[in-house]
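# Fold the stuff below for me.
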Amino acid sequence: MNDINKIVNQFDIKGEVLEIKPLGNGLINDTYLVVTSGDAPDYVLQRINNAIFRDVELLQHNIEAVTAHIRSRLVRDGSADIDRKVLTFIPVRATGKTYLEQDGKYWRVSVFIRDSFTYETVNPEYSYYAGRAFGNFEAVLSDIDVTLGETIPDFHNMELRSRQLREAVAADKASRVQNPEVQAILKDIAAWDTEMCKAERMYREGILPKRICHCDTKVNNMLFDKDGNILCVIDLDTVMPSFVFSDFGDFLRTGANTVAEDCPQIDKVAFRMDIFEAFTKGYLESASCFLTPVEKENLPYAALLFPYMQAVRFFADYLNGDTYYKIKYPEHNLVRTRNQMALFHSALQHLDEMKKIIGI
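Below is the predicted model of the structure:
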């Protein structure tokens, strides 16, 4: 920990560092809690995974712009306890930047928000909170006047994912394409390809805007106070221009599935309409102030898009010989594909009900 202590002390922190210990169970960045002396705040130290986020300068530019804009809105609205409602990143003393590059690794420090809590529970109550929080996040950023870039280019571009699957089929690196089950799944996916790629077409036609979205909408990416009130949205690495479908559909892909995305018991896969209704209620309460009619009427499409897109990604990786996603057994990506296509078809059966809930 001595080397980490040296890294922390290059940032403009207050107080003496007493202890540094691992924090949370994030899958992307290494995260530590930095405990300080006296009345100084504690801090969160993160090593940024620059294998995934290759342009760290852009990443931090996005985060700085977003947090500054949120803070300005909180000030304008006369909000109390502002420092607990937006993340604060600490500059490096020598450069003034909010990240430090050392020996090919990248680090950043933010203020730890005391007496805050995250929850893993996905139920109607917390799904409603999530919808309200992420809808408000988009609403607050709907008038940001700073240009943000894509920290992971084409992250949710369905046309790209479709093209990658076609390339995987053509290459057939793992000699799996001729399997009868593979052929059946390819036929199922192809039947919906044109419909699922419509977001990019609508964008080119100028009828669908891009917004500043979170792009990783999970229940545990919100902080709550001890009374259960939402403080702020966290994990801002994927904040970038995207369609609102990203935040709406991605939450439901995981939150509304009755089982885990790699559960092999496909007959147990079902799309939970109680989660859809709760998340949608919260989302529309906060996002209706900026949503266009086209965005609103296509929210059911978003609920279908994300399990479909993830199925395509899992399937392309399976056909390529499992080179991207970690697998625990040879058919793992095939099981994931079956699961996500089952979720897609389950959601499709509820399409009219979704439209009724949204009011379209």
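# my read: Ile230 touches Gly282, true?
No: at 10.0 Å, Ile230 does not count as touching Gly282 under the criterion of CB atoms under 8 Å. Heads up, the C-betas are built off the backbone N, CA and C, glycines and all.
# the more surrounded of the two?
Gly282 (24 against 16; other CB atoms under 10 Å).
# still on that earlier bit, can you work out which residues contact both of Ile230 and Gly282?
129, 132-133 (CB atoms under 8 Å, 6 or more residues apart in numbering).
# Who wins on neighbours among these?
Busiest of these [other CB under 10 Å] is Ala133, holding 23 neighbours.
# Let me know the secondary structure of Cys289.
coil (DSSP: H, G, I helix; E, B strand; the rest coil).
# if I look at the closest residue to it other than its chain neighbours, how far off is Arg73?
Distance criterion CB to CB, 6 or more residues apart in numbering; nearest residue to Cys289, sequence neighbours excluded, is Ala139 at 5.6 Å. When distance is defined by CB to CB, to the nearest Å, Ala139 is 10 Å away from Arg73.
# In space, what's closest to the residue nearest the centre of the chain - neighbours in sequence excluded?
In the chain, the centroid-proximal residue (CA atoms, centre = their mean) is Asp216; its distance is 0.7 Å. Leaving out its chain neighbours, the residue that sits closest to Asp216 by CB to CB, 6+ apart is Thr238, at 4.6 Å.
# Please apply the same query to Ser288.
Nearest non-adjacent residue to Ser288, counting by CB to CB, 6+ apart: Lys296, 7.6 Å away.
# What is the neighbour count of the one you found?
16.
# List the residues that contact it.
Lys296 neighbours (CB under 8 Å, 6+ apart): 284, 288, 358, 360.
# Sort out for me which of the residues you listed are in helices.
284, 358 (DSSP state H).
# Determine which residue of the chain is most distant from the centre point.
Gly38 (35.7 Å).
# Can you classify the closest residue in space to it that isn't next to it in sequence as helix, strand or coil?
Distance criterion CB to CB, 6+ apart; nearest residue to Gly38, sequence neighbours excluded, is Gly15 at 5.7 Å. Three-state call for Gly15 (three-state DSSP): coil.
# got the contact list for Gly15?
So, once contact is read as CB under 8 Å, 6+ apart, Gly15 ends up touching 36-41.
# Now tabulate those in JSON lines and tack on secondary structure and pLDDT.
Below are the contacts of Gly15 laid out as JSON lines (DSSP: H, G, I helix; E, B strand; the rest coil; pLDDT from 0 to 100):
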{"residue": "Thr36", "secondary structure": "strand", "pLDDT": "96"}
{"residue": "Ser37", "secondary structure": "coil", "pLDDT": "93"}
{"residue": "Gly38", "secondary structure": "coil", "pLDDT": "89"}
{"residue": "Asp39", "secondary structure": "coil", "pLDDT": "91"}
{"residue": "Ala40", "secondary structure": "coil", "pLDDT": "94"}
{"residue": "Pro41", "secondary structure": "coil", "pLDDT": "96"}
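# which of those residues are buried?
36, 41 (16 or more other CB atoms under 10 Å).
# ranges for the helices of the stretch 151-300 of the chain?
158-171, 180-191, 193-196, 198-204, 245-255, 273-287, 293-297, 299-319 (DSSP state H, counting those that start in this stretch).
# Which of the residues in the third one are classified as buried?
Residues of helix 193-196 classed as buried under the neighbour-count rule (16+ other CB under 10 Å) are Met196.
# So which elements touch it?
For helix 193-196, the elements it packs on are helix 158-171, helix 299-319, judged by 3 or more CB pairs under 8 Å, 6 or more residues apart in numbering; DSSP states H and E.
# Keeping just the C-alphas, turn that helix into CSV.
In CSV, the C-alpha atoms belonging to helix 193-196 read as follows (Å, rounded to 0.1, in the frame of the first residue of the first chain):
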residue,chain,number,x,y,z
ASP,A,193,-32.6,-7.3,-37.5
THR,A,194,-34.3,-4.5,-39.5
GLU,A,195,-36.7,-3.5,-36.7
MET,A,196,-34.0,-3.6,-34.0
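# picking that back up, can you pull the contacts of the residue nearest to the centre of the chain?
Contacts for Asp216 (CB under 8 Å, 6+ apart) come out as 235, 237-238, 250.
# Out of the residues you listed, which comes closest to Tyr99?
Lowest distance from Tyr99 to those (CB to CB) belongs to Asp237, with 11.8 Å.
# The residue nearest to Asp172 when sequence neighbours are not counted: neighbour count?
For Asp172, ignoring the flanking residues on the chain, the nearest one in space by CB to CB, 6+ apart is Leu319 at 6.8 Å. Residues lying near Leu319 (other CB under 10 Å) number 28.
# for Leu319, what are its contacts?
Residues in contact with Leu319, defined by CB under 8 Å, 6+ apart, are 165, 168-169, 171-174, 176-177, 182.
# in stretch 296-314, what counts as buried?
Buried, per 16+ other CB under 10 Å, within stretch 296-314: 296, 298-314.
# ok so, going back, separation between the residue nearest to Asp172 and Gln10?
46 Å.
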